[in-house]
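Asker: sequence? don't have it. structure:
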């Protein structure tokens, strides 16, 4: 089965903004597929989705030993986008 490319990788100011967010507050998982972006700011998560022109589920998580889930998180599962991020120098 061919992987779907749901995320457009055409460079634009909005796309560059999203890449910057991934580089600063994101994470490339070691599985070679998932990109995770976490923030306390719900508006930042929303802007991230708009910049990538996606609409994924936004979850909540806690940090460390805390129980309160006060961080917003979005997880993108895309092998092609993951490989693109590797090609521009981001690392897991």
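Answerer: Now that the structure is in, tell me what you want to look at. In this text, all values refer to a predicted model and were calculated from it rather than measured experimentally. Numbering: from 1, shown residues only.
Asker: strands of this protein, residue ranges please.
Answerer: Applying DSSP state E to the chain gives strands spanning 26-28, 34-39, 58-61, 71-77.
Asker: JSON lines for the ones you listed, including mean pLDDT and distance to residue 52?
Answerer: Backbone N, C-alpha and C define where each C-beta goes, glycine included. Output for the strands of the chain, formatted as JSON lines (pLDDT from 0 to 100; distance: least, Cβ to Cβ, whole Å):
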{"stretch": "strand 26-28", "mean pLDDT": "95", "distance to residue 52": "11"}
{"stretch": "strand 34-39", "mean pLDDT": "95", "distance to residue 52": "10"}
{"stretch": "strand 58-61", "mean pLDDT": "91", "distance to residue 52": "13"}
{"stretch": "strand 71-77", "mean pLDDT": "93", "distance to residue 52": "8"}
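Asker: including distance to residue 90 and mean neighbour count, could the ones you listed go into CSV?
Answerer: Listed next are the strands of the chain as CSV, based on distance: least, Cβ to Cβ, whole Å; neighbours: other Cβ atoms under 10 Å:
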stretch, distance to residue 90, mean neighbour count
strand 26-28, 6, 18
strand 34-39, 9, 19
strand 58-61, 21, 14
strand 71-77, 13, 18
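Asker: nearest to residue 7, of the ones you listed?
Answerer: Checking the strands of the chain against residue 7 by Cβ to Cβ gives strand 71-77 as the closest, at 7.1 Å.
Asker: name the helix or strand of the protein that has the lowest mean pLDDT.
Answerer: Lowest on mean pLDDT, DSSP states H and E among the helices and strands of the chain sits strand 58-61, with a mean of 91.
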